[in-house]
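> kindly return the folded structure for what I paste below:
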Amino acid sequence: MTDIDPATDFGTDPTRAALLRAILPHVPFDGWSETAFATAARETEVTLEEARAAAPRGALDLAAEWHRQGDRLMLRALREADLTQMRMRDRIAFAIKTRMSALPEREALRRSTALFALPQNAALGARLLWETADGIWTALGDASRDGNWYSKRATLAAVLASVVLYRLGDESPGLERTRAFIDRRIDGVMAFEKWKAGAKDNPVLRPLVRPLSWIMGQIHAPSRPDLPGGWRSGE
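A predicted model of the protein is given here:
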């Protein structure tokens, strides 16, 4: 696996990068909190006003930046890896395993999971998972532009959420149990996709599958990642 160094690539905003580096050692004790944010600002030698300019929502913005940093490290590793000899299921599994190893601070992950589970932060947490799933599929060359664009990302986001929860309780060397869990989850998804493909040719299931296939074909992917999809105009 490609070596990745989360300490050297925190994005383009230098103040936010410095705040993120400073807050991480405090997150296991104080969480992604205002206390930790203020401490990070003090250690970074910036005023709270300057810190707020870089992270308007305080520690919440830094938690989101930490998650996205993991995505960037994963994508860099995918670009550098030779995936040509891998089956698609192995490429997906490799991507998820790389993402889990990108940011090894388990307590920070635990605190992040709790933070994004709060009702006021749930939408942001869902968006971050979607961004990760979209990043993986895009990096692996997904060319779908119909409803499958959404279903692939929704399915992968659900897998990622389950993997994060499993990883929080995994103390095995090298995350061996988490890696095995990822393989099982991907196998389950691929088995369903195989069944779905076969259902189109099944005379019993075909009448049920055909309308769904038509609906999926009428949906198109967004022109930008943050836009919702819709129906094809004129149809």
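> who touches residue 126 in this structure?
For residue 126, the contact set (Cβ atoms under 8 Å, 6 or more residues apart in numbering) comprises residue 157. C-betas here are computed from N, CA, C, even on glycine.
> how far away is it from residue 189?
19 Å (Cβ to Cβ, to the nearest Å).
> residue 92 too?
8 Å.
> quickly list what's touching both of those two.
Joint contacts of residue 92 and residue 189 (Cβ under 8 Å, 6+ apart) are residue 156.
> with neighbour numbers in mind, choose between the two.
residue 92 (22 against 17; other Cβ atoms under 10 Å).
> the nearest residue to that one once chain neighbours are set aside: neighbour count?
Leaving aside its sequence neighbours, residue 92 sits nearest to residue 186 (Cβ to Cβ, 6 or more residues apart in numbering; 5.7 Å). Here the number of neighbours of residue 186 (other Cβ under 10 Å) works out to 21.
> for residue 186, helix, strand, or coil?
Classification of residue 186 by DSSP: H, G, I helix; E, B strand; the rest coil places it in helix.
> which pLDDT value goes with it?
With respect to pLDDT, residue 186 has a value of 94.
> give the contact list for it.
Contacts of residue 186 (Cβ under 8 Å, 6+ apart): 89, 92, 93, 96, 159.
> what's the PyMOL syntax to select whichever of the residues you listed are buried?
This is the PyMOL syntax for the buried subset of the contacts of residue 186, where burial follows 16 or more other Cβ atoms under 10 Å:
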select buried, resi 92+93+96+159
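> can you give me the strands for this protein?
For the chain, applying DSSP state E gives strands covering 219-220, 230-231.
> so for stretch 31-40, what gets flagged as buried?
Buried residues in stretch 31-40 (16+ other Cβ under 10 Å): 31, 32, 33, 36, 37, 38, 39, 40.
> distance of the spatially most central residue of the chain relative to residue 107?
Closest to where the C-alpha atoms of the chain average out (Cα atoms, centre = their mean) is residue 132, at 2.6 Å. Distance of residue 132 to residue 107, given as Cβ to Cβ: 20 Å.
> quick revisit: how about the residue nearest to the centre of the chain: what's its closest non-neighbour residue?
Nearest non-adjacent residue to residue 132, counting by Cβ to Cβ, 6+ apart: residue 71, 5.4 Å away.
> surely that neighbour and residue 134 touch.
No: the criterion here is Cβ atoms under 8 Å, and residue 71 misses it with residue 134 at 9.5 Å.
> check contacts around the spatially closest residue to residue 122 that is not a sequence neighbour.
Nearest non-adjacent residue to residue 122, counting by Cβ to Cβ, 6+ apart: residue 116, 6.7 Å away. Under the criterion of Cβ under 8 Å, 6+ apart, the neighbours of residue 116 are 63, 122, 124, 125, 128.
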